[in-house]
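Trainee: Just the structure for this:
(one chain, ligands or ions: 1)
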Amino acid sequence: MSFAPVYLDWNATTPLAPEVRDAMLPWLGAAQPARFGNASSRHEYGRQARAAIDEARARVAAAVGAHATEVVFTSGGSEANNLFLKGAAACLKPGTLAISAIEHPCVREPARQLRRAGWALHEIAVDADGRIDVADWQRVLEARPTLVSVMLANNETGVLQDVATLAREARKAGAWLHTDAVQALGKIEVDFRALGVQAMTLSAHKLGGPLGAGALVLDKRVELSPLIAGGGQERGLRSGTENVAAIVGFGLACQRAVAHRAAEASRLSVMRDGIEAALSALGAVVFSRAAIRLPNTVFFAFDAIDGETLVGKLDRAGFACASGSACSSAQPEPSHTLLAMGVDPTVARGAVRVSLGRDTTAEEVERFVATLSHVVRDLRNLASVAL
Ligand SMILES: Cc1ncc(COP(=O)(O)O)c(C=O)c1O
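Mentor: Numbering: from 1, shown residues only. As a prediction, the model looks like this:
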């Protein structure tokens with residue numbers, strides 16, 4: 001029998017929830033009655049596909065307190081972020097775009113592309129705990145931005161931003177505010193209306209849904225130019241024959257995640273606090289500890305222990321965690337989120353992220369903490385022998 005490591009990387013992706021998989025199977029032809037159809041076809045097959053998409057759209061909308069007509073299905077969070085930024089910019093004269101300094105690369109990179117196309121780009125500073133810096137935010141508002149994008153929850157630190165206040169102030173200054181809520185949905189309450197944002201990004205695979213499905217929730221007053229033009233699906237904002245199986249899975253995943261959210265949040269935060277207490281006892285620094293954060297995320301570093309090395313050792317000991325480095329280059333770069341928080345690059349190179357989820361048990365967390373203390377002790381011993 002093969003040995004399955006303990007999965008502690010739920011912010012990277014989540015396993016497909018069994019009910020979600022079951023709902024998708026007929027649309028993959030893998031369960032009876034098998035279903036298929038192009039939702040644009042006018043016959044019964046098409047109508048069934050359309051009805052399945054409509055139901056999923058209503059579920060996604062209900063999960064975030066939006067209207068079904070405000071949900072635009074995409075291939076995931078990256079596409080939704082690109083669609084908002086580039087799509088809105090294409091309908092406006094180049095002006096000022098402000099994004100927080102800790103956004104996911106799928107916000108930062110399109111923002112940089114827009115800068116090359118003539119937009120002024122302001123990266124809003126964060127404080128030492130990873131919260132938007134109030135003074136820099138005021139400076140941004142004075143620069144009269146047209147577009148602002150600030151994530152609701154950070155994927156590395158788990159820090160939550162007060163997006164409702166930012167959206168209100170941005171609106172008064174004449175800007176549209178978009179929020180990337182990919183890491184927030186299913187972990188904290190997410191309400192499109194209460195947040196008062198004009199656009200919000202969601203992704204299915206972070207909440208027990210399939211990879212390759214997501215949505216941009218969009219206020220109808222915001223004009224966007226599509227990234228993909230063609231048959232005019234999704235209100236003309238995202239052409240292409242809909243991926244019915246993935247959309248069905250996404251809809252159900254949203255419904256489930258919201259139904260279990262409150263209970264899961266208290267269960268996970270108890271385990272998270274236990275890990276943090278153990279980390280402190282071992283002398284680790286826990287990033288953003290003073291900020292309001294997601295209940296499932298711990299981001300930490302040990303002095304003089306490289307994050308990649310620690311993650312490698314934990315992997316061999318049967319625990320799957322993430323290092324805080326961007327591995328897109330041969331030489332891993334320290335996390336831009338930590339650097340924006342003013343963390344010393346040598347400390348940032350030690351960063352490791354543990355993120356918990358639906359299947360995480362207290363027993364796994366206990367074993368993790370015990371293994372971590374052994375691994376850290378061994379690495380410290382090795383370092384002292386080398387001196
Ligand atoms: C905050 C955040 N935004 C966007 C994305 C991208 O979503 P997707 O993987 O669906 O493209 C991720 C995924 O890592 C994320 O953590």
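Trainee: Can you tell me the closest non-neighbouring residue to N11?
Mentor: Excluding the flanking residues, the one nearest N11 by C-beta to C-beta, 6 or more residues apart in numbering is S355, at 3.9 Å. Where C-beta positions appear, they are placed from N, C-alpha and C, glycine not excepted.
Trainee: quick one, phi psi at the one you found?
Mentor: The phi/psi pair for S355 (degrees, to the nearest 10) reads phi -130, psi 130.
Trainee: same deal with D306?
Mentor: phi -70, psi 140.
Trainee: In the stretch 201-350 of the chain, which residue sits closest to the ligand?
Mentor: Residue of the stretch 201-350 of the chain nearest the ligand, by C-beta to the nearest ligand atom: S203 (3.4 Å).
Trainee: what about the helices in the stretch 251-387 of the chain?
Mentor: 307-316, 336-340, 345-348, 362-386 (DSSP state H, counting those that start in this stretch).
Trainee: So the second one, near the ligand or not?
Mentor: Spelled out, that is helix 336-340. No: using C-beta under 6 Å from any ligand atom, helix 336-340 never reaches the ligand; the gap is at least 10.4 Å.
Trainee: near the ligand, which residues of the chain show up?
Mentor: 76-78, 104, 106, 151, 155, 180, 182-183, 203, 205, 214.
Trainee: Compare these and tell me which is most surrounded.
Mentor: If you count neighbours using other C-beta atoms under 10 Å, the busiest of the residues of the chain next to the ligand is D180, which has 30 neighbours.
Trainee: Ramachandran angles for that residue?
Mentor: Here D180 shows phi and psi, under degrees, to the nearest 10, equal to phi -90, psi 110.
Trainee: picking up where we left off before, which of the residues of the chain next to the ligand sit farthest apart?
Mentor: Using C-beta to C-beta, the pair of the residues of the chain next to the ligand lying farthest apart is M151 and H205, separated by 16.9 Å.
Trainee: Can you report how many residues neighbour the residue lying closest to S288 once chain neighbours are set aside?
Mentor: Nearest residue to S288 in three dimensions, chain neighbours excluded: T157, at 4.1 Å (C-beta to C-beta, 6+ apart). Residues within reach of T157, counting by other C-beta under 10 Å, total 29.
Trainee: those strands in the stretch 201-350 of the chain, which residues are they?
Mentor: 214-218, 285-286, 297-301, 319-320, 322-323 (DSSP state E, counting those that start in this stretch).
Trainee: can you put these in a markdown table and add mean pLDDT and distance to S373?
Mentor: Shown next, in a markdown table, are those (pLDDT from 0 to 100; distance: least, C-beta to C-beta, whole Å):
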| stretch | mean pLDDT | distance to S373 |
| --- | --- | --- |
| strand 214-218 | 98 | 38 |
| strand 285-286 | 98 | 15 |
| strand 297-301 | 98 | 13 |
| strand 319-320 | 98 | 13 |
| strand 322-323 | 96 | 19 |
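Trainee: highest average neighbour count across those?
Mentor: Counting by mean count of other C-beta atoms under 10 Å, strand 214-218 has the highest mean neighbour count of these, with a mean of 28.
Trainee: Each with direction, which strands does it pair with?
Mentor: Sheet pairing here is set by DSSP bridges, and for strand 214-218 it gives strand 71-74 (antiparallel), strand 199-203 (antiparallel).
Trainee: what residue ranges in the stretch 251-387 of the chain score low on pLDDT?
Mentor: Where the stretch 251-387 of the chain drops to pLDDT under 70, the residues are 326-331, 386-387.
Trainee: if we go to 80?
Mentor: 325-332, 383-387 (pLDDT under 80).
Trainee: hmm, back to that, now tabulate the strands of the stretch 201-350 of the chain in CSV and tack on distance to R42.
Mentor: Formatted as CSV, the strands of the stretch 201-350 of the chain follow (distance: least, C-beta to C-beta, whole Å):
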stretch, distance to R42
strand 214-218, 25
strand 285-286, 57
strand 297-301, 47
strand 319-320, 47
strand 322-323, 47
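Trainee: With A34 as the reference, name the closest of these.
Mentor: Nearest to A34, of all those, is strand 214-218, at 25.6 Å by C-beta to C-beta.
Trainee: ok so, going back, give me the neighbour count for the residue nearest to N11.
Mentor: Quick note: S355 (other C-beta under 10 Å) scores 27 neighbours.
Trainee: From the residues of the chain next to the ligand, pick the one nearest R316.
Mentor: For the residues of the chain next to the ligand, the nearest to R316 is N155 (25.0 Å; C-beta to C-beta).
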